[in-house]
Structure formats: structure tokens, C-alpha cells
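Q: Show me the folded form of this:
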Amino acid sequence: MRKKVNNIAKGSLFKGVQARMGKGMRSDRETDHFFQMAMDSFGIIGNDGYLKEVNPAFCKAFGHSQEELLSKPLLDFVHPKDRERTSEEIRQVLPGGRVVKFENRFRCQDGMYKWMEWHTRVVENETYIVLRDITAVKHFFQKNADETLYQAILDSTNYMIFSTDESGRIKVFNRTSERKLGVSAQDVMDEEFWTLFHDPDEILMRAQMLTEELGSVVEPGLEVFTVRALMGMPDEHEWTLIRQDGTSFPVRLSITALRDELGEFRAF
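A: As a prediction, the model looks like this:
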């Protein structure tokens, strides 16, 4: 199936699809079956800018009925910021010429947009299109780009910044932390931070202070560092951090509970 879809995109089957779609014929049973069963979205654009026919996958991909898709200009479904470029790309397709490939965002029935890879070709004055959903690919690369930028910001600051999961295991450890504590991020990843860098006696003293302050027992360990943050209270306290070589230095540690858009706790 993937091989056939790629052949469609290259244009070798456009004429066969035209026989089914443009002329409405079912004599070519193989082409008709391929058209109906294809996982990619097939369609024909008329000279007036309207879709003339679409396959079932086209309707399923975006949640629109066939009637709705055929009742409006194609560009009405394209993201406003992509319309001018889409129109220009389609105009560049020459009859019988090469397949033109480009990307844009296409509106779904729920108002959301999907990133689509377009393959277009003109056959007998009609523009044939094959659309493939590349939304997941776009999000993957965007996520990686965001993470790269995030890491660059972390590594450029002179402040020590590290983040842990809900159990206090290190997940983010910037370069300033590496430099000042004398360890690499790789060596401390997934380790419990308070067992690596903190004086046990200080942790015990802090637990006693918080127990008196909050009126409930705070156990020495992770709870000492997280109890106030989880209660939505600011937590800034002076600590002594111990380097890999055994030397120590004072810091003022600020701890924040990180929550998602639903308010659910995710990390410190």
C-alpha cells in the first residue's frame, strides 16, 4: 500500500485516479478500489477553486462530510496564514508537469488544524491532490526545537538550576550546577538530589523547624524540601551544598512545584 501511495504522489497513477474521479467511471475496478481504500486523502480541485470529489479518507482525516468539503472553496479550509502560499503553489502546477510538493495546515471539523503534506499535479485542466498527515512529525521537531532552546537558556545562566520528578529524582541539571558541584549531569541523573548534595544534619534540623511551623510532622528527607511548595507556599531557605570533592558552600535554595495546565503536579 505504501509503495502505491508513493507512486500516486509521483504522478504515475494520477491518470488512473482521474478515470475514476474525474469521469465518475467504475470500469477500472482496481483504481476504484485503491481510491476507496487509500489511507491518504485524495481529491480533485476544479478551475473554480472548489473540490470536485474526495475519497473517504479525506472526510475521515478532517471530520468534514463530503457535502461540506465540496460546498466551499478549498482555501476556506486552509489556515489563513497559509492561504496565499497554498494558492501560489497550486498556480505553479503545470498540466502534465512534475508533481509539486508543499506543506500547509488544513482545518478540521472541530476547528483544529492538521499539518498536511501536499502532492499536486494537473491532469486535463484539473488539479489532483494527495494529502498526507504530518502533524505528529511537525510536533516532534517542534518539541525538539523547544527543548533545545530550553536547554540553551538553562545552560547560559549563572544560576544553578535543576529539576526533579515527584519522587525527587533529578531530571534536569544545568551546566552551572555541574560546574559548581563538580559532577556531570549524566552522573546524577535519576538520583535523589538531597542524598547527593545535602548535609543530613541540616535536613534533620529543617524537618524539626517545619514540624513546629506547620503543626504536623515533617519527616527528614524529600518532604523537607517539598512540603511548602506542594501547599502552594513559597519555599526559600539557606542550605549548605556539598561538592563531589567534599568541600561545601552556602546557597539560597528556592523550590517551586511545577503543574500542568490542569493543575496537576508534575515536577519540582
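Q: low-confidence ranges in the stretch 1-150 of the chain?
A: For the stretch 1-150 of the chain, the stretches with pLDDT under 70 are 1-35, 94-98, 143-147, 149.
Q: the helices in it, which residues?
A: Secondary structure of the stretch 1-150 of the chain (DSSP state H, counting those that start in this stretch): helices at 2-10, 14-21, 29-37, 56-62, 66-71, 83-91, 135-156.
Q: who touches stretch 55-73?
A: Contacting residues not belonging to stretch 55-73 are listed as 35-36, 38-43, 48-54, 77, 106-110, 114, 131, 133 [C-beta atoms under 8 Å, 6 or more residues apart in numbering]. C-beta here means a position set from N, CA and C on the backbone, and glycine is covered the same way.
Q: Pull out the buried members of those residues.
A: Those of the contacts of stretch 55-73 that meet the buried threshold are 35, 38, 40-43, 50-51, 53-54, 77, 106-107, 114, 131, 133, by 16 or more other C-beta atoms under 10 Å.
Q: Tell me which two of those residues sit farthest apart.
A: Spanning the widest gap among those are 35 and 107, at 23.4 Å by C-beta to C-beta.
Q: Let me know the outermost residue of the chain.
A: Most distant residue from the mean C-alpha position of the chain: residue 212, 45.1 Å away (C-alpha atoms, centre = their mean).
Q: how far away is that one from residue 205?
A: Per C-beta to C-beta, to the nearest Å, residue 212 is found 11 Å from residue 205.
Q: And for residue 187?
A: Applying C-beta to C-beta to residue 187 and residue 205 gives a distance of 28 Å.
Q: roughly how far apart are the spatially closest residue to residue 126 that is not a sequence neighbour and residue 119?
A: Leaving aside its sequence neighbours, residue 126 sits nearest to residue 44 (C-beta to C-beta, 6 or more residues apart in numbering; 5.4 Å). Applying C-beta to C-beta, the value for residue 44 to residue 119 is 13 Å.
Q: Looking at the two, which is more packed in?
A: Per other C-beta atoms under 10 Å, whichever of residue 44 and residue 119 has more neighbours is residue 119, with 21 against 18.
Q: ok, residue 221 - how many residues close by?
A: Residues near residue 221, counting by other C-beta under 10 Å, number 16.
Q: from what I can see it touches residue 203, true?
A: Yes: the criterion here is C-beta atoms under 8 Å, and residue 221 meets it with residue 203 at 7.1 Å.
Q: who touches both of these two?
A: residue 194.
Q: quick check, distance from stretch 66-76 to the centre of its chain.
A: With C-alpha atoms, centre = their mean, to the nearest Å as the basis, stretch 66-76 stands 28 Å off its chain's centre.
Q: Please apply the same query to stretch 178-188.
A: Using C-alpha atoms, centre = their mean, the offset of stretch 178-188 from its chain centre is 29 Å.
Q: which residues touch it?
A: 160, 170, 173-174, 177, 196-197, 241, 243-245, 249.
Q: List the buried residues of stretch 53-69.
A: Here stretch 53-69 shows 53-55, 57-59, 61-62, 64, 69 as buried, counting by 16+ other C-beta under 10 Å.
Q: now stretch 162-174
A: Those would be 162-164, 168, 170, 173-174, for stretch 162-174 by 16+ other C-beta under 10 Å.
Q: And the lengthiest strand in the chain, what does it pack against?
A: Identified as the longest strand of the chain according to DSSP state E is strand 113-123. Judged by 3 or more C-beta pairs under 8 Å, 6 or more residues apart in numbering; DSSP states H and E, the packing partners of strand 113-123 are helix 2-10, helix 14-21, helix 83-91, strand 100-107, strand 126-133, helix 135-156.
Q: what's the angle between it and helix 83-91?
A: Angle, strand 113-123 to helix 83-91, by axes from the mean of the first three to the mean of the last three C-alpha atoms, to 10 degrees: 20 degrees.
Q: All set now, cheers.
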